[in-house]
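Undergrad: Just the structure for this:
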Amino acid sequence: MVSRFDFVKGVTSFLVRYCLAWESMTSMKAKNLNKVKTGTILLSLIAALIALTVVMSGCTNEKTSIAKPKSSTSLTTTTSTAPVAIATTTAKAIITTITISTTTSTIKETDVAKPDNPQVKEVDGKENQKEILSKATHASVNTISKNWDADAEDDGMIVFPDLKDENDNSIKFDGYELPVEIKIYTTKFENFKQVNDRLVYSGSGKIDSWKDGNFLMGGGIKIPFDDIQVKASDSQYGAILISIALPDGRKMEAKSNLGVAIRPQ
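TA: Below is the predicted model:
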């Protein structure tokens, strides 16, 4: 294959020789030598422009590939070089056609996948839990004594606040934190009726699932007996009152005075 440099060199040499020959033949018949020289100069300039064009466009077919960047926009580059056809014969060679094509680049924007926003899912989840909790109509509470150290004596109580619907079924919420206020009283009898006597505990806790209201699920709120301020003269059993704050601003209260141990047995 002829190199680009050799090809240009050959074409230029041929054109110069052709112009000189044409000048020689024309000068014999020309009446005005200046016109002949002017024509020679013009032909030489045309030859130089043709040679420069060939150098810029290239003599062989080439195909260029561009590495794709790691980005959201893909670049598709198409490079086409039409043949540069120069037909030459002998000393009377004639340049027939020179076709020059340009390189065109097409940039196409592609869609970018957007990841799920975890904050949106969290908001959607909270709204769903609010809707579930809005069905609560009342509450209930139960307690059990519990031992959580190495000795055999119970160390405190576990409180199980439970939200209920109109059919007295537990509200099956989950993953939404609700504050719970807790008060514990000693009790006494007045006119054969058990009533609250003295406040021996006031505190607060949190629940985040309906399982905290079911003693079989292992949740609930722990209250140590050491935090309950009882006296030696107080009964072993007392009463408990809870209040659960709901997202819609309502408060569900419940109480129990059946078997609520407020001191170790």
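Undergrad: secondary structure class for the closest residue in space to residue 200 that isn't next to it in sequence?
TA: Among residues not flanking residue 200 along the chain, residue 229 sits closest, at 4.8 Å (Cβ to Cβ, 6 or more residues apart in numbering). In this view, the C-beta of every residue, glycine as well, is placed from N, C-alpha and C. Under DSSP: H, G, I helix; E, B strand; the rest coil, residue 229 falls in the coil class.
Undergrad: My read is that residue 229 contacts residue 202, right?
TA: No - the pair residue 229 and residue 202 does not pass the contact test of Cβ atoms under 8 Å, sitting 9.8 Å apart.
Undergrad: hang on, residue 223 in a helix?
TA: No - membership of residue 223 in a helix is not supported by three-state DSSP, which gives strand.
Undergrad: With residue 190 as the reference, measure out to it.
TA: Separation of residue 223 from residue 190 (Cβ to Cβ, to the nearest Å): 26 Å.
Undergrad: try residue 198
TA: 14 Å.
Undergrad: quick one: which of those two has more around it?
TA: Counted by other Cβ atoms under 10 Å, residue 198 and residue 190 do not tie: residue 198 has more neighbours, with 14 against 8.
Undergrad: ok, now which ones touch the more buried one?
TA: Counting by Cβ atoms under 8 Å, 6 or more residues apart in numbering, residue 198 touches 185, 186, 234.
Undergrad: now, which of those residues sits nearest residue 125?
TA: residue 185 (37.7 Å; Cβ to Cβ).
Undergrad: For the one helix or strand that closest one maps to, list every residue counted as buried.
TA: Element membership for residue 185 (DSSP states H and E) is strand 174-190. For strand 174-190, burial by neighbour count (16 or more other Cβ atoms under 10 Å) applies to 176, 178, 180, 181, 182, 183, 184, 185, 186, 187.
Undergrad: Distance check, the fifth one against residue 265.
TA: Yep, that's residue 182 we're talking about. Distance of residue 182 to residue 265, computed by Cβ to Cβ: 21 Å.
Undergrad: got it, and residue 241?
TA: Separation of residue 241 from residue 265 (Cβ to Cβ): 23 Å.
Undergrad: Same check on residue 132?
TA: To residue 265, residue 132 is 39 Å away according to Cβ to Cβ.
Undergrad: Equivalent analysis for residue 176, please.
TA: Residue 176 sits 36 Å away from residue 265, going by Cβ to Cβ.
Undergrad: Residue 217 touches residue 174, doesn't it?
TA: No - contact between residue 217 and residue 174 fails when scored by Cβ under 8 Å: they sit 11.3 Å apart.
Undergrad: Quickly list what's touching both of these two.
TA: residue 211.
Undergrad: Mean pLDDT per helix and strand in this protein: which one sits at the bottom?
TA: Ranked by mean pLDDT, DSSP states H and E, the weakest helix or strand in the chain is strand 73-78, scoring a mean of 42.
Undergrad: Report the buried residues of stretch 146-165.
TA: Those would be 146, 154, 155, 156, 157, 158, 159, 160, 161, 162, 163, 164, for stretch 146-165 by 16+ other Cβ under 10 Å.
Undergrad: wait, isn't the last one in contact with residue 133?
TA: No - with contact taken as Cβ under 8 Å, residue 164 and residue 133 are classed as non-touching, separated by 11.7 Å.
Undergrad: Common neighbours of these two, please.
TA: With Cβ under 8 Å, 6+ apart, residue 164 and residue 133 have common neighbours residue 171.
Undergrad: Alright, calling it a day.
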